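A.B. asks: Kindly generate the corresponding structure for this input.
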Amino acid sequence: MNQSERGIKPFDLYGEDYDRWFDTDGRIIFKNEVRLLKETGIHKKHPSIEIGSGSGRFTKALSIDFAVEPSKTLRRISIKNGVIPIASRGENIPFDDGVFKAAFLIVTLCFVENPEKILEETHRILGEDGFLVLGLVLRDSPWGRYYLEKKEKGHRFYSHAVFYTFNEVHTMLQRSGFDVVDVYSTLLSSPPYAKEESPMHGFLENAGFTGIVASKIR
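C.D. replies: Next up, the predicted model:
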């Protein structure tokens with residue numbers, strides 16, 4: 001998850017609780033997010049990599065080839081979930097230039113210390129025809145505001161998160177050599193309750209989860 005020591009620590013301490021969320025309170029949310037990410041079609045491109053793969057839930061669901069995760073606890077849980085991640089930070093991914101056709105940053109950008117550095121490194125390992133998929137909770141969405149309230153109350157995970165607007169993410173992508181080519185939205189139900197939904201094509205301000213597909217342009 002978080003590529004900084006500040007962000008890695010809570011996941012090392014509470015990794016079991018984090019992973020348990022996918023089978024309990026987050027079960028429907030996770031299902032909706034996976035549906036959206038599959039709708040992009042980018043998971044069919046190989047070789048692929050997830051950066052900040054957490055406990056491996058998305059890596060496995062999307063059949064992503066490689067995973068990178070700095071948290072020791074989450075790597076251990078990931079192995080139990082059937083995914084063997086590489087111990088590394090997103091600022092220094094141990095692969096040569098241009099080797100991947102697809103890269104995924106799923107609910108990771110909000111936990112990294114320097115998001116543009118992560119994007120630049122992702123750009124480096126993607127080939128000329130490569131695509132990046134971002135899965136995001138945006139700051140101005142109802143779910144973004146819900147998590148911001150938790151952050152302000154000192155939540156053990158969200159207190160370390162920084163949420164961005166769509167325009168802020170778009171600008172960071174452009175600065176890092178990417179062009180946004182597609183957007184998908186889901187989680188239109190009001191927090192804290194989620195219902196099963198089909199992903200919508202395009203950017204919806206009231207969506208709790210936004211998927212951005214970006215191509216490498218330089």
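
A.B. asks: what comes up buried for stretch 81-94?
C.D. replies: For stretch 81-94, burial by neighbour count (16 or more other CB atoms under 10 Å) applies to 81, 83, 85-86, 88-91, 93. Glycine gets a C-beta too; all of them are placed from N, C-alpha and C.

A.B. asks: quick check: longest helix of the chain.
C.D. replies: Looking across the chain with DSSP state H, the single longest helix is helix 5-21.

A.B. asks: how about that helix as PDB, C-alpha atoms only?
C.D. replies: Presented in PDB, the C-alpha positions along helix 5-21 are these (Å, rounded to 0.1, in the frame of the first residue of the first chain):
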ATOM      1  CA  GLU A   5       7.400   4.300   6.100                       C
ATOM      2  CA  ARG A   6       4.700   6.500   7.600                       C
ATOM      3  CA  GLY A   7       2.100   4.700   5.500                       C
ATOM      4  CA  ILE A   8       3.500   1.200   5.600                       C
ATOM      5  CA  LYS A   9       3.400   1.000   9.400                       C
ATOM      6  CA  PRO A  10      -0.400   0.800   9.900                       C
ATOM      7  CA  PHE A  11      -0.700  -2.000   7.300                       C
ATOM      8  CA  ASP A  12       2.100  -3.900   9.000                       C
ATOM      9  CA  LEU A  13       0.300  -3.500  12.400                       C
ATOM     10  CA  TYR A  14      -3.300  -4.100  11.300                       C
ATOM     11  CA  GLY A  15      -2.800  -6.100   8.000                       C
ATOM     12  CA  GLU A  16      -5.100  -8.900   9.200                       C
ATOM     13  CA  ASP A  17      -7.900  -6.500   9.900                       C
ATOM     14  CA  TYR A  18      -7.400  -4.800   6.500                       C
ATOM     15  CA  ASP A  19      -7.600  -8.100   4.600                       C
ATOM     16  CA  ARG A  20     -10.600  -9.300   6.600                       C
ATOM     17  CA  TRP A  21     -12.500  -6.300   5.400                       C
END
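
A.B. asks: Below-threshold pLDDT in the protein: ranges please.
C.D. replies: Counting by pLDDT under 70, the chain contains low-confidence ranges at 1-8.

A.B. asks: which strand of it spans the most residues?
C.D. replies: For the chain, the longest strand by residue count, based on DSSP state E, is strand 126-136.

A.B. asks: what packs against it?
C.D. replies: In terms of contact count using 3 or more CB pairs under 8 Å, 6 or more residues apart in numbering; DSSP states H and E, strand 126-136 is assigned the packing partners helix 27-39, strand 100-106, helix 115-125, helix 166-175, strand 209-216.

A.B. asks: let's see 6 Å
C.D. replies: When contacts are defined as 3 or more CB pairs under 6 Å, 6 or more residues apart in numbering; DSSP states H and E, strand 126-136 sits against strand 100-106, strand 209-216.

A.B. asks: before we move on, back to that, other SSEs contacting the longest helix of the chain?
C.D. replies: helix 72-80.
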